[in-house]
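**Student:** Need coordinates for the below:
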Amino acid sequence: MKLVGLHLIEVPGHGLRNLEFEDLGADVALILGPNGSGKSTARRCVERLLFGTHEDLAHARIVATFERAAGETPGL
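**Tutor:** Sure, this is the predicted structure:
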């Protein structure tokens, strides 16, 4: 499964609103930005989405789009 889109709509306490990453279809994604722009917070949001970690992000509104690899079956 590949992450192809990530929308961080509201991340409480982090000042991020409506941060969008699109066209994440490449094998490697590089996110650049100045200090405090939300790079690490975006990574933590992905970890929250996938693994349920980072309780401080429990109320964040995170929308992600995934693409299945050819022949991959959906998980339970």
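**Student:** Now do the longest strand along the chain: which elements does it pack against?
**Tutor:** Ordering each strand of the chain by length in residues (DSSP state E) puts strand 2-11 first. Applying 3 or more Cβ pairs under 8 Å, 6 or more residues apart in numbering; DSSP states H and E, one finds that strand 2-11 contacts strand 16-22, helix 39-51, strand 61-67. Any C-beta I mention is one placed from the backbone N, CA and C, and that applies to glycine too.
**Student:** Quick check: which of the ones you listed is buried the most?
**Tutor:** Mean neighbours per residue, mean count of other Cβ atoms under 10 Å, is largest over the helices and strands packed on strand 2-11 for helix 39-51, with a mean of 16.
**Student:** mind listing what the residue most central in space within the chain touches?
**Tutor:** Closest to where the C-alpha atoms of the chain average out (Cα atoms, centre = their mean) is residue 46, at 3.7 Å. Going by Cβ atoms under 8 Å, 6 or more residues apart in numbering, residue 46 touches 3, 6, 64.
**Student:** Helix or strand with the lowest mean pLDDT in the protein?
**Tutor:** One helix or strand of the chain scores below all others by mean pLDDT, DSSP states H and E: strand 16-22, with a mean of 67.
**Student:** Tell me how far the longest strand of the chain lies from the chain's centre.
**Tutor:** 4 Å (Cα atoms, centre = their mean, to the nearest Å).
**Student:** tell me the mean pLDDT over that strand?
**Tutor:** Across strand 2-11, the average pLDDT comes to 80.
**Student:** Neighbouring strands - and their directions - for it?
**Tutor:** In the sheet, strand 2-11 lines up against strand 16-22 (antiparallel), strand 61-67 (antiparallel) (DSSP bridges).
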